[in-house]
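Chemist: I'll drop the sequence and a predicted model, then ask my questions.
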Amino acid sequence: MTLFSERLYQSSRPIWERSHRHPFLTELRDGTLSPDRFIYYLKQDYVYLIDYAKLFALASVKSPDLETMHKFAELYHSTLHVEMELHRQYAERFGVPRAELERTKPAPTTIAYTKYMLDIATNGSLAQVVAALLPCMWSYREIGVTLAAIPGALEHPLFSEWILMYSSDEFGQLTDWCIDQINRLADGLPERELARLEEHFLTTSRLEYLFWDMAYRLEEWPV
Ligand SMILES: Cc1ncc(CO)c(N)n1
C-alpha cells in the first residue's frame, strides 16, 4: 500500500514545480532578487506566521494523546521563537522596526491563505488541519534543501540564513514528523475523507505558489 503522503506528493507535483520555477525563487537562488521584494515577503510572511503558529496550538488541542500534544506545542514554540526570530533579524538588517513588522497589513493573498487554514483548524478534524498546514513546511524544506545544494548559495550575503533555516536538520525533522502524522491520521479513513484531505493539501499548495507570486508582484489591494 502506498503511503497517503506519497499520494499527496504526487498530486501536488505540478503546483510545486511551478513554485520552484517562480522568478521569486530563481532570483533568490541567483542572488538577484530585489531587496524590495524580499522585504515585502518578510513582512507578509511575519503576519502569515502569526496565524500559522495558531494552527499548531489548535492542532495541539485536538491531539489524541500527550505525546502528540507535546510535539504540536513544540512546533508552536519553534514557529514563534525560531522561525519568526529569523524574520526579526532580517528586518533589523533592513532597518525595519519590529513593531512595523507586526503591524504589517496582510495583503489579499495572505488573508486568503491564513484564513483558509484557520477555518479548517477551527471547524475540521486534526487530519484536516495537518493536511492543510503540511505544504507550507514540506515545500519550504524541499526549497531549502534544493537551494542549499547549489554551489555558492550558502555564501550569499543576504539569503544564506534563509536557506540555512529551511534546509536545517531541525526543520527537516519537524517536517518529517508532520508527514508521519498525516500518514497515521489518514490510516483507515474512507476514500471520501481522503479526497477531502487531498483537496486541502492541493489548495494550500496553490496558495503557497500564490504567496511567492504575491511577493514578486508586491501585491496591493486594487482599491
Ligand atoms: C508562506 C509560507 N509558507 C511556508 C513557510 C514555512 O514555515 C513560511 N514561513 N511561509
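Modeler: Received the coordinates, thanks.
Chemist: ok, the most centrally placed residue in the chain - contacts?
Modeler: Closest residue to the average C-alpha location of the chain: Cys136 at 2.5 Å, with C-alpha atoms, centre = their mean. Residues in contact with Cys136 (C-beta atoms under 8 Å, 6 or more residues apart in numbering) are 52, 204, 208. C-beta coordinates here come from the backbone N, C-alpha and C atoms, glycine included.
Chemist: Let me know the closest of the residues you listed to Ser168.
Modeler: Using C-beta to C-beta, Tyr52 is the member of these that sits closest to Ser168, with 17.7 Å.
Chemist: Can you report how many residues neighbour Val82?
Modeler: By the measure other C-beta atoms under 10 Å, the count of residues near Val82 is 14.
Chemist: Return the residues in contact with it.
Modeler: Taking C-beta under 8 Å, 6+ apart as the test, what Val82 contacts is 165, 170.
Chemist: Need the phi and psi values for it.
Modeler: When read as degrees, to the nearest 10, the backbone of Val82 gives phi -100, psi -60.
Chemist: before we move on, the earlier item: how about the contacts of Cys136 in JSON lines, adding distance to the ligand?
Modeler: Shown next, in JSON lines, are the contacts of Cys136 (distance: C-beta to the nearest ligand atom, whole Å):
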{"residue": "Tyr52", "distance to the ligand": "7"}
{"residue": "Thr204", "distance to the ligand": "9"}
{"residue": "Glu208", "distance to the ligand": "6"}
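Chemist: export these to a markdown table and tack on pLDDT and secondary structure?
Modeler: Formatted as a markdown table, those follow (pLDDT from 0 to 100; DSSP: H, G, I helix; E, B strand; the rest coil):
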| residue | pLDDT | secondary structure |
| --- | --- | --- |
| Tyr52 | 98 | helix |
| Thr204 | 98 | helix |
| Glu208 | 98 | helix |
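Chemist: Let's see the ChimeraX selection covering just the buried ones among these.
Modeler: Selection of buried members from the contacts of Cys136 for ChimeraX, criterion 16 or more other C-beta atoms under 10 Å:
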select :52,204,208
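Chemist: measure the residue nearest to the centre of the chain to the ligand for me?
Modeler: Cys136 sits 4 Å away from the ligand, going by C-beta to the nearest ligand atom, to the nearest Å.
Chemist: With Val61 instead?
Modeler: From Val61 across to the ligand, the span is 20 Å (C-beta to the nearest ligand atom).
Chemist: tell me what the strand or helix carrying Phe56 is packed against?
Modeler: Using DSSP states H and E, the secondary-structure element containing Phe56 is helix 35-61. Applying 3 or more C-beta pairs under 8 Å, 6 or more residues apart in numbering; DSSP states H and E, we find helix 35-61 packed against helix 23-30, helix 66-78, helix 84-93, helix 98-102, helix 108-123, helix 126-148, helix 191-217.
Chemist: Could you identify which of these is most buried?
Modeler: Among these, ranked by average contacts under mean count of other C-beta atoms under 10 Å, first place goes to helix 126-148 (a mean of 22).
Chemist: Next, the angle from it to helix 35-61.
Modeler: Taking axes from the mean of the first three to the mean of the last three C-alpha atoms, to 10 degrees, helix 126-148 and helix 35-61 form an angle of 150 degrees between their directions.
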